[in-house]
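Novice: can you look at this prediction? I've put the sequence above it.
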Amino acid sequence: MEPITFLTYLAIVLLIGLICTILSQKIKISNVLLLIVAGILIGNISYRGEPLLSFPDAFLTSISVLALVLIIFDSSSRFKLREFTNFSIQALKLSGVFLILNVLILTFFTYKIFPGGTIFMALLFSTLMSGTAPDAISAMLGKTKNRIFELLEVEALINTPLIVLLPFVMLDFIKSVQVEYVLSRFVEQIGPFLQQFVTGIGAGIVVGLITFRIMRRKYSEILSPLTIITAALLTYVLAENLGGNGVLAVTTMGLFFGNVYVTHKLQLREVSSFFANSLEILVFILVGLIVKIPFNYIFILKSLGLFVIYLIIRYGAITFSLKSMKYNFKERLFMTFNVQKGIAVAVVAFTLTTLNIAGIQTILHITLLFMLYSILLSTIVIKFSKFFVNAEAK
């Protein structure tokens, strides 16, 4: 591909993303829905038998890693142990129960409804679907406050690092154990698998200690933000080259950054968020562009049936984990239907498209459909939020 052609494609994608974002602000919906739909539409347009837009594999892999690193660091750095209140404990409980129920129930139904893949792929999908992102609430309700809105925001803050980390931990486990020899080689391979944990955490701590010790007192408007981004990328690269888990390394560094004293931390976090958010347009459109959904009514009906099961699991998790908070039926329904997927799920799905893994295509198809279903459902529910909750409650 000629460089000018590649740059033209990139400019077109960014322009379309910008238009979608402006339009979403006008009609007051989450831009994620429009970005993914735009990507799907572009992906299904061909010219002379070839896709209208295509990108080199090296570019897609590089963008996926960059987005992954920045999203992980940004989300994990916002997790503060000192600010862990009773409200946060309830959100943590909800996240934990929802994750466990998905692993136990959604994995089973995914494997049964879509039997072409392995149980490990179904498990990866169910773990990924435990992530939430109240983007539609923020886009449509702005600064309106309510205890339910706040709970959903805290839940997303807690589960985002987990749902980004766990799929890659599972992939490392699958590679280490080698599925065809699970019974005979499990014990043999458990050591190398744990070594990835130790190396990943160690790389995150070492780079974090060096970086934040230097930045503890001195701040530069130009160099400090660049140092943070460079350190996050260096942490990932160092861990991967040493045979560790790069995602875990960046998560460790982000947690370290969020819980130690660093001068001008707020400004630094805003810069990292800016770069992370800047990649959203590209990631969402590319996910819709690359993942080719089979427009087969049987496949669509199966995915809708699985999504209904998913919502039932969500309602059960809310009812069980938050029974002490005495939410009424409408409020529980509101929280059930607001299970939209955001940039964290998108960037993991985007990263998975660059990996050659057996059975991953079906999981990517279902993931993209779940993203569309959840965002569309959340958008509709938010439009009628007054029916479910008191939007002026504090």
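Specialist: Sure, I can see it. Remember, it's a predicted structure, so these values are computed and weren't measured experimentally.

Novice: so where's the stretch 51-200 of the chain shaky on pLDDT?
Specialist: Applying pLDDT under 70 to the stretch 51-200 of the chain flags the ranges 80-87, 134-145, 174-193.

Novice: correction: the previous question concerned the stretch 251-394 of the chain.
Specialist: Across the stretch 251-394 of the chain, the ranges flagged by pLDDT under 70 are 261-273, 276-277, 391-394.

Novice: quick one: the strands in it?
Specialist: Counting by DSSP state E, counting those that start in this stretch, the stretch 251-394 of the chain forms no strands at all.

Novice: the stretch 1-150 of the chain too?
Specialist: Per DSSP E, counting those that start in this stretch, the stretch 1-150 of the chain carries strands over the ranges 46-47, 50-51.

Novice: pick the most deeply packed of these.
Specialist: Highest mean neighbour count among the strands of the stretch 1-150 of the chain (mean count of other Cβ atoms under 10 Å): strand 50-51, with a mean of 12. Backbone N, C-alpha and C define where each C-beta goes, glycine included.

Novice: what's in contact with that one?
Specialist: Residues from elsewhere that reach strand 50-51, judged by Cβ atoms under 8 Å, 6 or more residues apart in numbering: 43, 45.

Novice: tell me which of the strands of the stretch 1-150 of the chain sits nearest to residue 10.
Specialist: Among the strands of the stretch 1-150 of the chain, the nearest to residue 10 by Cβ to Cβ is strand 50-51 (14.7 Å).

Novice: circling back: just put the strands of the stretch 1-150 of the chain in CSV and tack on distance to residue 89.
Specialist: Putting these into CSV (distance: least, Cβ to Cβ, whole Å) gives the following:
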stretch, distance to residue 89
strand 46-47, 52
strand 50-51, 48
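
Novice: looking at those, which is closest to residue 32?
Specialist: Smallest distance to residue 32 across the strands of the stretch 1-150 of the chain (Cβ to Cβ): 22.7 Å, for strand 50-51.

Novice: so what are the sheet partners of that closest one and their directions?
Specialist: strand 46-47 (antiparallel) (DSSP bridges).

Novice: what average pLDDT does the strand it pairs with get?
Specialist: Taken as a whole, strand 46-47 carries a mean pLDDT of 78.

Novice: ok, residues contacting it?
Specialist: With Cβ under 8 Å, 6+ apart as the test, strand 46-47 has contacts from residue 52.

Novice: switch the cut-off to 10 Å
Specialist: The contact list for strand 46-47, computed with Cβ atoms under 10 Å, 6 or more residues apart in numbering, reads 52, 53.

Novice: distance from it to the middle of the chain?
Specialist: In this view, strand 46-47 has its centroid 31 Å away from the chain centroid, taken as Cα atoms, centre = their mean, to the nearest Å.

Novice: and stretch 342-361, by the same measure?
Specialist: 10 Å.

Novice: list the buried residues in that stretch.
Specialist: 342-353, 357, 360-361 (16 or more other Cβ atoms under 10 Å).

Novice: count of neighbours near residue 372?
Specialist: 21 (other Cβ atoms under 10 Å).

Novice: how about the nearest residue to it, chain neighbours excluded?
Specialist: Of all residues not flanking residue 372 in the chain, residue 36 sits nearest, at 6.2 Å (Cβ to Cβ, 6 or more residues apart in numbering).

Novice: residues contacting the one you found?
Specialist: Listed by Cβ under 10 Å, 6+ apart, the contact set of residue 36 reads 20, 284-285, 287-289, 291, 341, 346, 368, 371-372, 375.

Novice: now, which of those residues lie within helices?
Specialist: Mapping the contacts of residue 36 onto helices (DSSP state H) picks out 20, 284, 285, 287, 288, 289, 346, 368, 371, 372, 375.

Novice: what sits against the last one?
Specialist: What that stands for is residue 375. By Cβ under 10 Å, 6+ apart, residue 375 lies in contact with 29-34, 36-37, 133, 135-136, 339-342.

Novice: what sits against residue 123?
Specialist: Residue 123 touches 102, 103, 106, 107, 108, 110, 111, 166, 167, 170, 174, 363, counting by Cβ under 10 Å, 6+ apart.

Novice: out of these, which are buried?
Specialist: The neighbour-count test (16+ other Cβ under 10 Å) marks 102, 103, 106, 107, 110, 111, 166, 167, 170, 174, 363 as buried among the contacts of residue 123.

Novice: might one say that the last one is in contact with residue 170?
Specialist: No: under the contact definition of Cβ atoms under 10 Å, residue 363 does not touch residue 170, with a separation of 11.6 Å.

Novice: shared neighbours of these two, anything?
Specialist: Counting by Cβ under 10 Å, 6+ apart, the residues touching both residue 363 and residue 170 are 121, 123, 124, 128.

Novice: so who does the last one touch?
Specialist: Contacts of residue 128 were listed using Cβ under 10 Å, 6+ apart, and they are 102, 163-164, 166-167, 170, 341, 344-345, 348-349, 352, 363, 366-367, 370.

Novice: nearest to residue 252, of the residues you listed?
Specialist: Comparing those against residue 252 with Cβ to Cβ places residue 164 closest, at 12.9 Å.
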